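Peer 1: requesting a structural model of the entry that follows:
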Amino acid sequence: QLQLVESGGGLVQPGRSLRLSCVASGSSWDGYAIAWFRQFPGKEREGLSCISGPRDDTYYADSVKGRFTISRDHDKNTAYLQMDSLTPEDTATYYCAADRLRYSLCVKWRVSSDGSWGQGTQVTVSS
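Peer 2: Below is the predicted model of the structure:
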């Protein structure tokens, strides 16, 4: 099972950009899909973007399509979420997740019992 550590969160002004990182360790991440979620206080986690497969196919929720970009560096075992044109409504805790069940993660936004979560990183968009 992978261990995941997010970083890159912080305070940013509306309209600016931020890039989150998710470093995987503990085992090879070959065969894993990696996804980004966010959680607003008192709400369930919302799937945002996912990357999977040997061609790094990408998936996006409608809420972030066109503003957020997911990518990964296989040499560094690191996935990224580039977030552009941020608004105060993007203020949340952001999590990365990994799972071998790619359809479940990238289409159903579900993390199986064999999947992994990071600890989360806070993103605050405010002037």
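Peer 1: which parts of the host helix or strand of Arg19 are buried?
Peer 2: Assessed by DSSP states H and E, Arg19 sits inside strand 18-25. Residues of strand 18-25 classed as buried: 18, 20-24 (neighbour count, 16 or more other C-beta atoms under 10 Å). Every C-beta, even on glycine, is put in place using the N, C-alpha and C of the backbone.
Peer 1: so can I have a markdown table of the residues you listed showing pLDDT and distance to Val12?
Peer 2: Below are these laid out as a markdown table (pLDDT from 0 to 100; distance: C-beta to C-beta, whole Å):
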| residue | pLDDT | distance to Val12 |
| --- | --- | --- |
| Leu18 | 98 | 5 |
| Leu20 | 98 | 11 |
| Ser21 | 98 | 15 |
| Cys22 | 98 | 18 |
| Val23 | 97 | 21 |
| Ala24 | 96 | 25 |
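Peer 1: biggest separation within those residues, which pair?
Peer 2: Leu18 and Ala24 (20.2 Å; C-beta to C-beta).
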